[in-house]
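**Student:** structure here, sequence nowhere to be found:
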């Protein structure tokens, strides 16, 4: 998967550095910010000219050149850093580093990518990068997969042999037209072919039983892997929560006992909040009492000033001497009360500030998500990779048996066809039999090779076709989406076959996503898919379903990374909360 991407003078960006991880990442940006630029840059950085991107046209403004650097984790060889530079004249430069190995030759890097990712880069670029309106998206939303699938399923030699057999057929037919002869029947070959059919039937039965056992083993391994991944995500979430609690506890350190464990911080902070609230209430009461006494004494002083002074208590007239003495006593008392009031006000302000600070920390603590522990017995961190290995081995075994059954079934059909050809050959003339047989053998061989190749490809692609149809029906409520071994997407409505271009906008988006995600996972080792604004022009229901599918696309199968550009900020944020493996990156503007 792509770990890092650095752009310099690429289209909308003078400089941009991105770090990416596993899972589904939504890159959110407003329209016009440069989301498509990111997809084109990643495709060109990984696959170069095979991506179909005209890099010279992507150079920013008046800059003389642009560069893209990609750090890519290969399935078998580890991390490779691929740096590409393009100038205005279209001259490109490559420098890739894989450990101590330095690659500057385009063909060498292309060969490495083909071996690591399991396909021709021309096909891989169109499977793994879908740029909206760009050169990576074909006019019909489809492209020829025959050669790619033939290579994946090991039938390329069969197609080559079919072409050679076709040439032999033409030569034999030309010569046969000049000859006439009697008839001859090849009974021995027919008997051998019948025996071969019986043997194939026995092998098919045995292989089917083995496949049933292998499927049970794979199901158990898949469940074990799922639980191991759940425990791994749970431990990660727990670790993140503890780290966040430790940080918040450090901010509230004055209010916590020394050596408080981060997990006990929420309870300790709540006790500290209660204590501060009580202190604040006591200090407020003290301030109120002091202010009340201060007001009473000031009122009493007003009664003692001037002629006709009276006692504030009994209201009897006072002499000047008694009035002066009483005023002096009140003045002394007022000074003490004012000092007491000021001190109480300072305590109230101090306690209120401390309480607000503590409550801010408590708010952050209460907002921290508490992960739910997975059910069942705990699966330790060291068991995740063994579980993944066991699942991959079980899955590989099922695929091996599927391929064997496809080859056996295809071979049986070819053999039966050949028996029919021999029955027809019995009616041919004796003198022309040699040439007719040569022609028939050649034609049968060509048909057999092509039929075997198509049968093997069809047998292998049948699970993909079934899955495409199932998911299509889940969204649109009807069947009919078809995927051919050549990669052609059509829809059948009754007896009509609609080409891809006749589908609606939402149907096209869903068909593109389904075929690319499923074919990439089933026929390549590419662990990533990048998609440009796949949610655009969809109605709200379909947008939600498609986004949810993309958010979970990297949780199963061979895909490790799915990157989606979108302007749907709220939808992406909600999916990130619902799906633990999803993440969110905001691109605010070009720069």
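**Tutor:** Right, received. Where do you want to start? Because the structure is predicted, anything quoted here is derived from the model rather than measured. Numbers count the residues shown, from 1 in each chain.
**Student:** contacts and neighbour counts: CA atoms only from here.
**Tutor:** Will do.
**Student:** centre of the chain to stretch 199-208, how far?
**Tutor:** When C-alpha coordinates are averaged (Cα atoms, centre = their mean, to the nearest Å), stretch 199-208 and its chain have centres 40 Å apart.
**Student:** repeat that for stretch 238-257.
**Tutor:** On Cα atoms, centre = their mean, the centre of stretch 238-257 falls 32 Å from the chain's centre.
**Student:** got a list of contacts for it?
**Tutor:** 262-263, 265, 268-269, 272, 358, 361, 364-365, 368-371 (Cα atoms under 8 Å, 6 or more residues apart in numbering).
**Student:** residue ranges with poor pLDDT in the stretch 301-450 of the chain?
**Tutor:** Within the stretch 301-450 of the chain, the stretches with pLDDT under 70 are 301-330, 425-450.
**Student:** just the helices from it, written as ranges.
**Tutor:** Using DSSP state H, counting those that start in this stretch, the helices of the stretch 301-450 of the chain run over 320-367, 384-425, 433-476.
**Student:** packing partners of the second one?
**Tutor:** Right, helix 384-425. Secondary-structure packing of helix 384-425 (3 or more Cα pairs under 8 Å, 6 or more residues apart in numbering; DSSP states H and E): helix 187-251, helix 433-476.
**Student:** those helices: lowest mean pLDDT?
**Tutor:** Here the lowest mean pLDDT among those goes to helix 433-476, at a mean of 60.
**Student:** ok, now which ones touch residue 507?
**Tutor:** Counted by Cα under 8 Å, 6+ apart, residue 507 has zero contacts.
**Student:** what number of residues lie near the residue lying closest to residue 34 once chain neighbours are set aside?
**Tutor:** Distance criterion Cα to Cα, 6 or more residues apart in numbering; nearest residue to residue 34, sequence neighbours excluded, is residue 12 at 5.8 Å. If you count neighbours by other Cα atoms under 10 Å, residue 12 ends up with 23.
**Student:** now do residue 579
**Tutor:** 15.
**Student:** distance check, it against residue 371.
**Tutor:** 13 Å (Cα to Cα, to the nearest Å).
**Student:** try residue 341
**Tutor:** 49 Å.
**Student:** these two: who's more crowded?
**Tutor:** Comparing residue 341 with residue 371 by other Cα under 10 Å, the one with more neighbours is residue 341, at 21 against 13.
**Student:** now list the buried members of the contacts of stretch 238-257.
**Tutor:** 262, 265, 268, 269, 272, 358, 361, 365 (16 or more other Cα atoms under 10 Å).
**Student:** what would the residues you listed look like in a markdown table with distance to residue 198?
**Tutor:** Shown next, in a markdown table, are the buried ones among the contacts of stretch 238-257 (distance: Cα to Cα, whole Å):
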| residue | distance to residue 198 |
| --- | --- |
| 262 | 71 |
| 265 | 74 |
| 268 | 79 |
| 269 | 79 |
| 272 | 84 |
| 358 | 82 |
| 361 | 77 |
| 365 | 72 |
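**Student:** between these, which is nearest residue 388?
**Tutor:** residue 262 (33.2 Å; Cα to Cα).
**Student:** ok so, going back, my read: the residue nearest to residue 34 touches residue 60, true?
**Tutor:** Yes. Using Cα atoms under 8 Å, residue 12 is in contact with residue 60, at 6.4 Å.
**Student:** can you name the next helix or strand after the helix or strand containing residue 551?
**Tutor:** Element membership of residue 551, judged by DSSP states H and E, is helix 540-552. Counting by DSSP H and E, the next helix or strand C-terminal to helix 540-552 is strand 561-566.
**Student:** which neighbouring elements make contact with the helix or strand just after that following strand?
**Tutor:** Under the assignment DSSP H and E, the closest C-terminal helix or strand after strand 561-566 is helix 569-578. The elements that helix 569-578 packs onto, with contact taken as 3+ Cα pairs under 8 Å, 6+ apart, are strand 23-28, helix 540-552, strand 583-586.
**Student:** recalculate using a threshold of 7 Å.
**Tutor:** With contacts taken as 3 or more Cα pairs under 7 Å, 6 or more residues apart in numbering; DSSP states H and E, helix 569-578 sits against no other helix or strand.
**Student:** chain center to that helix: distance?
**Tutor:** The chain centroid and the centroid of helix 569-578 are separated by 13 Å, computed with Cα atoms, centre = their mean.
**Student:** got a list of contacts for that helix?
**Tutor:** Helix 569-578 has contacts (Cα atoms under 7 Å, 6 or more residues apart in numbering) with 26, 28, 548, 551, 582, 583, 584.
**Student:** let's see 8 Å
**Tutor:** Taking Cα under 8 Å, 6+ apart as the rule, helix 569-578 contacts 26, 28, 29, 544, 547, 548, 551, 582, 583, 584.
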